[in-house]
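Trainee: below are the sequence and a predicted model; questions follow.
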Amino acid sequence: MLFKSPGQYILDRYRNVFFDPKKELWLNLGLWKSASRYSIACADLAKQVAEMADLARGDILVDAGCGFCEPARFWLRHWEPASIICLNNNRFQVGVARWRLAEAQLGNRICIVECDAVRIPLRDRSADCVIALESAFHFNTREAFLRDAYRVLKPGGMLGMADLLPLSAATNQDEHSRMIRRHGKIPEENMYDRFRLERIVKDVGYCLVSMVSLRQEVFPGAAKLAKLLGANLLLPDDCVIGLTDAEKRTCLGVEWWERTSGIGDFVLLAARKPEC
Ligand SMILES: C[S@@+](CC[C@H](N)C(=O)[O-])C[C@H]1O[C@@H](n2cnc3c(N)ncnc32)[C@H](O)[C@@H]1O
């Protein structure tokens, strides 16, 4: 294989624990501000998105690109939304997540639908909050998802996103980089920087509440984790990740992402659908 992303290593290591209800199955790069274990870093990222998106008790929440529903279970535990509708177009992940939800007796609070997140199977104005946690860069296209999320949000409803983007408008267009993106299921149409993302969000009709780059808190930890997983047959949570200030400041590992896929930014965004 030409290229193995942290996500592919992680999926690989989960192979023997998909049906172990005691193991958590997160599938994002994690927020390595203070965490030294993978599931803590992932939960910290999920927490930050939920806080930015003003997730509240009793909300109807849509989780677009839900992985194995680990974020949904975390949000349910800590925010108590009324229900969570999880969307994933990967049949295998949906099957595993459904089994795990039934095992945990959560099937009445979290429902998972196998579908494309650009066509959300909900009525107009029916959701309080839509979150895409490190998934919208895969959607075909991110802009189509932003429009459909806008449709299903109630007036005043919130969108929260954590997403991977190129750092600058000049995306790496060499053939190898395009092939890596095809392989990683990243449509070329999503390859724009955070400034264009901000314009698109506003053009769709949202009011931007906040946007921050977390690249220094995300890429270095993910790079160290991938290195450890590549060298050992460990579960992600068995790896202990320590980062120095210099490694964070220089965004250790990001040059590998930029060279291979053209991606060098990690953005957290919250936006509101206006009341009228
Ligand atoms: C990097 S994983 C993040 C998973 C999860 N949010 C988490 O943090 O654990 C991206 C997820 O988006 C899903 N996905 C990719 N394209 C999708 C699409 N078009 N519609 C729905 N889900 C999609 C993938 O199957 C995967 O579950």
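Mentor: Yep, that arrived. Note that the coordinates shown come from a computational prediction; the quantities given were computed from them, not determined experimentally.
Trainee: please count neighbours and contacts with C-alpha atoms only from this point.
Mentor: Will do.
Trainee: helix or strand: which one has residue 219?
Mentor: Of the helices and strands defined by DSSP states H and E, residue 219 is found in helix 215-231.
Trainee: how about that helix and the ligand, touching?
Mentor: No: contact between helix 215-231 and the ligand, assessed by Cα under 6 Å from any ligand atom, is absent, since the two come no nearer than 12.2 Å.
Trainee: check stretch 105-120 too.
Mentor: Yes: looking at stretch 105-120 against the ligand by Cα under 6 Å from any ligand atom, the contacts come from 115-117.
Trainee: in strands, which of the residues you listed appear?
Mentor: Among these, the subset assigned to strands under DSSP state E is empty.
Trainee: re earlier: now the helix holding residue 219, how far from the centre of its chain.
Mentor: When C-alpha coordinates are averaged (Cα atoms, centre = their mean, to the nearest Å), helix 215-231 and its chain have centres 16 Å apart.
Trainee: in it, which residues are buried?
Mentor: The neighbour-count criterion (16 or more other Cα atoms under 10 Å) identifies 215-226, 228-229 as the buried residues of helix 215-231.
Trainee: including pLDDT, could these go into JSON lines?
Mentor: As requested, the buried residues of helix 215-231 are exported to JSON lines (pLDDT from 0 to 100):
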{"residue": "215", "pLDDT": "97"}
{"residue": "216", "pLDDT": "97"}
{"residue": "217", "pLDDT": "97"}
{"residue": "218", "pLDDT": "97"}
{"residue": "219", "pLDDT": "96"}
{"residue": "220", "pLDDT": "96"}
{"residue": "221", "pLDDT": "96"}
{"residue": "222", "pLDDT": "95"}
{"residue": "223", "pLDDT": "94"}
{"residue": "224", "pLDDT": "94"}
{"residue": "225", "pLDDT": "95"}
{"residue": "226", "pLDDT": "92"}
{"residue": "228", "pLDDT": "92"}
{"residue": "229", "pLDDT": "92"}
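Trainee: returning to what we had before: which of the residues of stretch 105-120 next to the ligand sits closest to residue 141?
Mentor: residue 117 (9.5 Å; Cα to Cα).
Trainee: excluding chain neighbours, what is closest to the closest one?
Mentor: If you skip the residues right next to it in sequence, residue 117 has residue 64 as its closest partner in space, 5.7 Å away by Cα to Cα, 6 or more residues apart in numbering.
Trainee: that neighbour against residue 84, yeah?
Mentor: No: between residue 64 and residue 84 there is no contact under Cα atoms under 8 Å: 10.3 Å.
Trainee: more neighbours: these two, which one.
Mentor: Regarding residue 64 and residue 84, a neighbour count based on other Cα atoms under 10 Å identifies residue 64 as having more, with 28 against 25.
Trainee: residues in contact with that one?
Mentor: For residue 64, the contacting residues are 86-88, 117, 130-133, 135-136, by Cα atoms under 8 Å, 6 or more residues apart in numbering.
Trainee: and with 7 Å instead?
Mentor: Taking Cα atoms under 7 Å, 6 or more residues apart in numbering as the contact definition, residue 64 lies against 86-88, 117, 131-132.
Trainee: for it, give its distance to residue 245.
Mentor: As for residue 64, its distance to residue 245 is 33 Å (criterion: Cα to Cα, to the nearest Å).
Trainee: show me which residues of the stretch 101-250 of the chain sit near the ligand.
Mentor: If contacts are counted using Cα under 6 Å from any ligand atom, the residues of the stretch 101-250 of the chain sitting beside the ligand are 115-117, 133-135, 138-139.
Trainee: most neighbours out of those, which is it?
Mentor: Tallying neighbours with other Cα under 10 Å puts residue 117 at the head of those, with 30 neighbours.
Trainee: that residue touches residue 87, doesn't it?
Mentor: Yes: look at residue 117 against residue 87 with Cα atoms under 7 Å: they come within range, at 6.3 Å.
Trainee: got any residues that touch both of the two?
Mentor: With contacts defined as Cα under 7 Å, 6+ apart, the residues shared by residue 117 and residue 87 are 64-65.
Trainee: was I right to think residue 275 contacts residue 154?
Mentor: No: in terms of Cα under 7 Å, residue 275 does not count as a neighbour of residue 154; the distance is 8.2 Å.
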